[in-house]
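> I'd like to go over a predicted model; first the sequence, then the structure.
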Amino acid sequence: MTPRVSAVVLEHHEPGRMSIGESRPRISWRVDEADPSYRQMAARLELTRTTVLGEATTRIHEHDGARQVLVDWPAEPLSSRDRVRIRVQVFEGAGWGEWSDPMGAEIGLLEPGDWEARFVGPAWAEPPGTVVSARSRTTRVPPRPPRRRLRRCGSQKLNWSP
């Protein structure tokens with residue numbers, strides 16, 4: 001039986017997680033399908049990196065040894081908003097096993113400057129004057145009703161109403 005990697009994980013994040021916060025995440029994998037005498041001697045890591053501009057590059061990196069938990073990132077650091085897809089293949093002396101299923105992740109905003117944005121507002125000019133009424137609409141899955149709170153903002157009182 002050829003060995004097959006069944007689970008690839010970045011750091012301790014769940015597979016498919018969006019917005020991980022590491023530019024050089026460590027990689028772990030588990031081999032569930034193998035002969036009882038299986039011993040990993042090497043591994044290949046296939047990394048496909050897609051930048052925010054949509055440019056994709058795929059590279060294969062070799063890893064010598066039996067280590068398969070929290071292996072150092074073998075490539076150049078990832079940037080904010082990059083997407084990465086990883087597959088792992090192990091070598092047990094007689095030959096290479098099958099490639100694992102791909103594991104994907106998206107890198108979050110890593111630098112303070114990445115958090116800058118322009119104000120979101122209407123595309124029309126607002127008439128001068130005081131606000132008579134306002135309504136808060138939220139989008140959330142699963143939906144949750146807003147919490148009712150009274151807060152002071154300067155001399156004004158904000159009041160939630162259902």
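Done, it's in.
> Please, which helix or strand holds Q89?
strand 83-91 (DSSP states H and E).
> Name the residues of that strand that are buried.
Neighbour counts over strand 83-91 (16 or more other Cβ atoms under 10 Å) mark R83, V84, R85, I86, R87, V88, Q89, V90, F91 as buried. No exception for glycine: its C-beta is placed from N, CA and C like everyone else's.
> Hmm, the last one is touching R39, no?
No. F91 is beyond contact range of R39, at 10.1 Å (criterion: Cβ atoms under 8 Å).
> quick one: which of the buried residues of strand 83-91 is nearest to A66?
Lowest distance from A66 to the buried residues of strand 83-91 (Cβ to Cβ) belongs to V90, with 9.6 Å.
> Quick check: which ranges of the protein have low pLDDT?
16, 134-162 (pLDDT under 70).
> As a check, name the ranges of all strands in it.
Secondary structure of the chain by DSSP state E: the strands cover 4-10, 27-33, 42-50, 56-64, 83-91, 103-106, 150-153, 156-159.
> closest to T130 out of these?
It's strand 156-159; of the strands of the chain, that one is closest to T130 (Cβ to Cβ) at 9.8 Å.
> residues in contact with R44?
Shown in contact with R44 (Cβ atoms under 8 Å, 6 or more residues apart in numbering): I60, H61, E62, H63, V88, Q89, V90, F91, W96.
> Please name the bridge partners of the spatially closest residue to the last one that is not a sequence neighbour.
Looking back up the chat, that one is W96. Distances taken as Cβ to Cβ, 6 or more residues apart in numbering put Q89 closest to W96, at 5.5 Å, once the chain neighbours are dropped. Following DSSP bridges, Q89 is listed with bridge partners R44.
> what about Q89, distance to V5?
7 Å (Cβ to Cβ, to the nearest Å).
> Against T57, how distant is the closest residue in space to D114 that isn't next to it in sequence?
Here the nearest residue to D114 in space, its sequence neighbours aside, is S80; by Cβ to Cβ, 6+ apart that works out to 4.6 Å. Relative to T57, S80 is positioned 17 Å away (Cβ to Cβ).
> W115 now?
For W115, the distance to T57 - Cβ to Cβ - is 26 Å.
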